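K.L.:
Mind folding the following:
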Amino acid sequence: MPDIGHYMDFVMTLFMAFGIGFEMPVATVLLIATGMTTRENLAKKRPYIIVGAFIVGMLLTPPDVISQLLLAIPMWLLFEVGLIVSAVFAKQIAIAGKEKAAQEQAERDAADAEYATPPKPESPFEAAKAAGAAGAVATAAEATASATEETTEQDFDDFLWEDEKYTYSDADEVSDDLQFEDTDEYRPLTDEEMEAELARIEAEEEADEASTEDDEAARQAEANALMKHLLVDISAHGFGHLAQTAAVLNALDSTDIRITIRSLAPEHLLRERIKHPFQLIPYQQDNGVIMHDALRVDAAASMAWYQDFHANYAQRRQQAVRELDALKPDLLFADVPYLSLDAA
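P.N.:
This next block holds a predicted model:
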């Protein structure tokens, strides 16, 4: 059973081959008509064309002599047809070129003859008549120009209007008391005028910056008002509290949460541990232990710090309450500063 795919490929190849073959006369005529080669040069290359046709037939047809001849011989004959047709086209192109050259030469001769024709001499009577006509035309033109100028001035006066509120006057009637600036002459600004101009520019820039900052602050405040406010207080007397808090915050979806952190822990450490954006407020909320080094506690300094913190603890507590009220958090998350928890 024949392979239909192979058969279709073979048929398409034949279509392409015969299509290319029937383009031979067109290609031959175009090559000669455009001047890329001549009929004589192509005729000299006839053996190469014949060999090329047989090579194309060998590649595009089945491996048998009859199929190759059926494709190669028509291509050769079509090439010969192209040479014959190109000869006819060459004659027509030559004739058209000669006709075009003759027409252009005739047009140039006519133009030269027109410019070379001398003016016809006039009789004394005709010269006097022409001079009189020219004088009459000049007088009429002057009268027309004068009338046109008067009409234009009258139209301009009619165009200007006045009423009880608005009036106009000619430039000649303007009082000499009015001072007009001579725009043709450059006058540099004085030092006082320059300082005043610079001050005005600076004031405008400051006003624009202030307006921009106010707009940005208003937009930020509006955005903050729509987000939940989470206040996070972290003890600073050990980094274990920060590690515990960071694990909780990093597990939150903070796309609609505004986070504020109050702590005395180093800011770079907070930014490193907590991946969400937040506002940091340095804030002392409890006492830790002061260390000499990693192993030795400074007991005296730690006790003094504790006593100082608790000497006015009641006032600290009231201040913490006011600060919480000002921040207006929706939720307080603390680990575990007792002043913050006490105020909350």
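K.L.:
Make sure residue 107 is indeed in a helix.
P.N.:
Yes - judged by DSSP: H, G, I helix; E, B strand; the rest coil, residue 107 forms part of a helix.
K.L.:
burial count for it?
P.N.:
For residue 107, the tally of surrounding residues (other C-beta atoms under 10 Å) stands at 10. For glycine as for every other residue, the C-beta is placed from the backbone atoms N, C-alpha and C.
K.L.:
again with residue 316
P.N.:
Around residue 316 there are 17 residues (other C-beta under 10 Å).
K.L.:
Now it. Nearest residue, chain neighbours left out?
P.N.:
Nearest non-adjacent residue to residue 316, counting by C-beta to C-beta, 6 or more residues apart in numbering: residue 339, 6.3 Å away.
K.L.:
Is that neighbour in a helix, a strand, or coil?
P.N.:
Quick answer, by three-state DSSP: residue 339 is helix.
K.L.:
residues contacting it?
P.N.:
By C-beta atoms under 8 Å, 6 or more residues apart in numbering, the contact set of residue 339 is 285, 286, 316, 317, 320.
K.L.:
just checking, which of those residues belong to helices?
P.N.:
In helices, defined here by DSSP state H, the members of those are 316, 317, 320.
K.L.:
Residue 75 and residue 24 touch, don't they?
P.N.:
Yes - Residue 75 lies in contact with residue 24 (C-beta atoms under 8 Å); the separation is 5.8 Å.
K.L.:
Please enumerate the shared neighbours of those two.
P.N.:
In contact with both residue 75 and residue 24: no residue, using C-beta under 8 Å, 6+ apart.
K.L.:
what residues go with each domain of this protein?
P.N.:
Listed by automatic domain parsing, the domain ranges of the chain are 4-111, 192-225, 227-343.
K.L.:
Output those domains in CSV; the columns should cover mean pLDDT and distance to residue 186.
P.N.:
Below are the domains of the chain laid out as CSV (pLDDT from 0 to 100; distance: least, C-beta to C-beta, whole Å):
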stretch, mean pLDDT, distance to residue 186
domain 4-111, 78, 55
domain 192-225, 84, 14
domain 227-343, 89, 55
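K.L.:
Quick one: neighbours of the closest residue to residue 22 other than its chain neighbours, just the number.
P.N.:
Nearest residue to residue 22 in three dimensions, chain neighbours excluded: residue 78, at 6.4 Å (C-beta to C-beta, 6+ apart). If you count neighbours by other C-beta under 10 Å, residue 78 ends up with 18.
K.L.:
Residue 78 and residue 25 touch, don't they?
P.N.:
Yes - applying C-beta under 8 Å, one finds residue 78 in contact with residue 25, separated by 5.3 Å.
K.L.:
burial count for residue 342?
P.N.:
Residue 342 has 14 neighbouring residues, counting by other C-beta under 10 Å.
K.L.:
The nearest residue to it once chain neighbours are set aside: how many residues sit nearby?
P.N.:
Distances taken as C-beta to C-beta, 6+ apart place residue 317 nearest to residue 342, at 5.8 Å, with adjacent residues excluded. Residues near residue 317, counting by other C-beta under 10 Å, number 12.
K.L.:
from memory residue 317 sits against residue 344, does it?
P.N.:
No - applying C-beta under 8 Å, one finds residue 317 not in contact with residue 344, separated by 10.7 Å.
K.L.:
where along this protein do the helices fall?
P.N.:
Applying DSSP H to the chain gives helices spanning 4-22, 24-33, 39-44, 46-60, 65-116, 124-159, 191-225, 239-250, 267-273, 299-311, 313-327, 338-343.
K.L.:
Figure out which of the ones you listed is closest to residue 231.
P.N.:
helix 313-327 (5.9 Å; C-beta to C-beta).
K.L.:
Contacts for the closest one next, please.
P.N.:
With contact meaning C-beta under 8 Å, 6+ apart, helix 313-327 is reached by 229, 231, 260, 285, 309, 332, 339, 340, 342, 343, 344.
K.L.:
filter these to the buried ones?
P.N.:
Applying 16 or more other C-beta atoms under 10 Å to the contacts of helix 313-327, the neighbour count classes 229, 231, 285, 332, 339, 340, 343 as buried.
K.L.:
Just give the nearest non-adjacent residue to the third one, would you?
P.N.:
Which is residue 285. residue 337 (3.3 Å).
K.L.:
okay, the contacts of helix 313-327 in a markdown table with distance to residue 47 next?
P.N.:
Shown next, in a markdown table, are these (distance: C-beta to C-beta, whole Å):
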| residue | distance to residue 47 |
| --- | --- |
| 229 | 95 |
| 231 | 98 |
| 260 | 95 |
| 285 | 105 |
| 309 | 113 |
| 332 | 101 |
| 339 | 109 |
| 340 | 105 |
| 342 | 112 |
| 343 | 109 |
| 344 | 106 |
